[in-house]
Each structure stands twice: as structure tokens, then as C-alpha cells.
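> fold the following for me, if possible:
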Amino acid sequence: MNTDRIPRYWVVVVSKDHIKRGIEGGFIQANHGKPGPLKRLNINDWILCYSPSQTFVGNEPCKAFTAIGKIADDSIFQHKMSENFAPFRRKIEYITCNEAPITTLINNLEFIKNKKSWGYPFRFGFFEINEHDFNIINHAMLP
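Numbering: from 1, shown residues only. Next comes the predicted model:
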């Protein structure tokens, strides 16, 4: 475990109701519980959660960054939610923050190349961003 390495910054796309459960449970889950994205994370990496919708099954928009957290350890684990679904998760330490609407940040974010089609990067569900963009979003979310 190397806690001295330079942290990386990630965005996970997750509905607001799902991230609320993650905050309460101290975990992050990505891309419908697949292990691949979580394997890319290291202890002390930062996660920003972007919620396109209020609920996983609904259509009510949220369009805001809704959580910030830091990867707490090097372990990936499974959690059995039902007989046929045991998603992979990572422990994460969330910090107290406010929601930050994406519309107020678009023009200042480098990972959004086409400002008119700003939603495109979020279609991947999980992606890395640079420190500059993390700091802009983090600043907008801190109380």
C-alpha cells in the first residue's frame, strides 16, 4: 500500500438516491457493480459523484455533483444485494459537501470539450479528470 503516491481524480455517474445509500454505507460502486473501474482506484484517490437523475428508475433530473469522497483502502469487496446481484464496492470516506449544478461549471471544465454537448463524457459512467477540474468542482461543493 503506497499512500505517498500522487492522488488521481475520478468521476462516477450515479443517481442521487443511489449515492445517498453509498454515503450512508461508506462505499462506492460503479458501472452497475462491475469490478473493472474499481480496480483502477488507489487509496487516497478522490471521487466526485455526478447525478444526472434524482432516482435510478425515474426521469426527474438532478444534473449536479452530489458527493465527494476519498478512497479509504486497497480492497475491493462484493456485497450480496439479492440472489442474483452481488456488486463490487470500495470503501470511501465521504466529506460533507453541497450539491453543485453542472450548468454553473461547464464553461470552466477542461474535460468537457464541447460545451454544447456537455453531457457526452458522463455517458461512460466512470472516468478520470485532471486536478484542475477536480479543484473547480470541489470548490463549488465545499460548504
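> what strand or helix carries residue 93?
Taking DSSP states H and E as the definition, residue 93 sits inside strand 88-95.
> so how far is that strand from its chain's centroid?
Relative to its parent chain, strand 88-95 has a centroid offset of 10 Å by Cα atoms, centre = their mean, to the nearest Å.
> cool, stretch 24-44 as well?
The answer for stretch 24-44 is 9 Å, by Cα atoms, centre = their mean.
> residue 56 against residue 15, yeah?
Yes - contact criterion Cβ atoms under 8 Å: residue 56 and residue 15 qualify, at 4.3 Å. For glycine as for every other residue, the C-beta is placed from the backbone atoms N, C-alpha and C.
> more crowded one of those two?
A count of neighbours by other Cβ atoms under 10 Å puts residue 15 above the other of residue 56 and residue 15, at 20 against 11.
> so which residues of this protein form helices?
16-25, 35-39, 131-141 (DSSP state H).
> I am finished for the moment; much appreciated.
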